[in-house]
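*Asks:* Everything below, folded, please.
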Amino acid sequence: MTGEVFVTVGTTSFDALVQVVDSSECRDALLKQGYSSMLIQLGRVSCIPSKSLQDKDLGVDFFTFAPDLSQFMSSADLIISHAGSGSIFESLHMHKPLIVVVNEALMDNHQAELAEELAMSRYLFCATPATLVDTIKNMDLQTVVPYEPGNPASLVQSIYEFLGFDDE
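*Replies:* Predicted coordinates for the structure are as follows:
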């Protein structure tokens, strides 16, 4: 097995996500899905995950911040991400399987709406820290639809027409 999982919490604190991916239940679920290693971008967490202690365990490593996460995302076979739109769309543009984990502790969580809408369109899987392990156990990557970004020209044209601008 060579599947690599990349977990990102972004720049904020998302202890609940780090704690669940550090759990033996989550590690076992990832191993059963064929993944062999996990790299976690921690952000500003107050908990530090444990690294692998057994030969048959998921290989785990972590770091706090990096100026650019694209190199980690591009080498991953699965991305588990917070619900920030930048991380979501960067993953989707790379055509990487993605589980978005919504931080329920945030007030007025507009990010949940985006993640849920994209999950309904089958571009990604959406979970909370409490449902992440079940999402991993039950995910079928064959059901994911590749994300193709829309063409903004038609939107721009509609705005121009609405505002009464010429076509020129």
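
*Asks:* Which phi and psi values does residue 36 adopt?
*Replies:* Here is the backbone geometry of residue 36 (degrees, to the nearest 10): phi -120, psi -20.

*Asks:* got it, and residue 38?
*Replies:* Dihedral angles (degrees, to the nearest 10) for residue 38: phi -140, psi 130.

*Asks:* Is it correct that it is in contact with residue 58?
*Replies:* Yes - at 5.5 Å, residue 38 counts as touching residue 58 under the criterion of CB atoms under 8 Å. Any C-beta I mention is one placed from the backbone N, CA and C, and that applies to glycine too.

*Asks:* In terms of packing, which of those two has more residues around it?
*Replies:* Neighbour count, other CB atoms under 10 Å: between residue 38 and residue 58, residue 38 has more, with 26 against 22.

*Asks:* Please enumerate the shared neighbours of residue 38 and residue 58.
*Replies:* Shared contacts of residue 38 and residue 58, defined by CB atoms under 8 Å, 6 or more residues apart in numbering, comprise 5, 27, 30.

*Asks:* Could I get the contacting residues of the second one?
*Replies:* Under the criterion of CB under 8 Å, 6+ apart, the contact partners of residue 27 comprise 21, 38, 57, 58, 60.

*Asks:* Show me those residues that map onto helices.
*Replies:* residue 21 (DSSP state H).

*Asks:* which among the contacts of residue 27 gets closest to residue 93?
*Replies:* Using CB to CB, residue 38 comes nearest to residue 93 of those, at 22.2 Å.

*Asks:* Secondary structure element for the residue nearest to the closest one when sequence neighbours are not counted, which one?
*Replies:* Leaving out its chain neighbours, the residue that sits closest to residue 38 by CB to CB, 6 or more residues apart in numbering is residue 5, at 4.3 Å. For residue 5, the host element (DSSP states H and E) is strand 3-8.

*Asks:* Next: residue 118.
*Replies:* Using DSSP H and E, residue 118 sits in helix 110-120.
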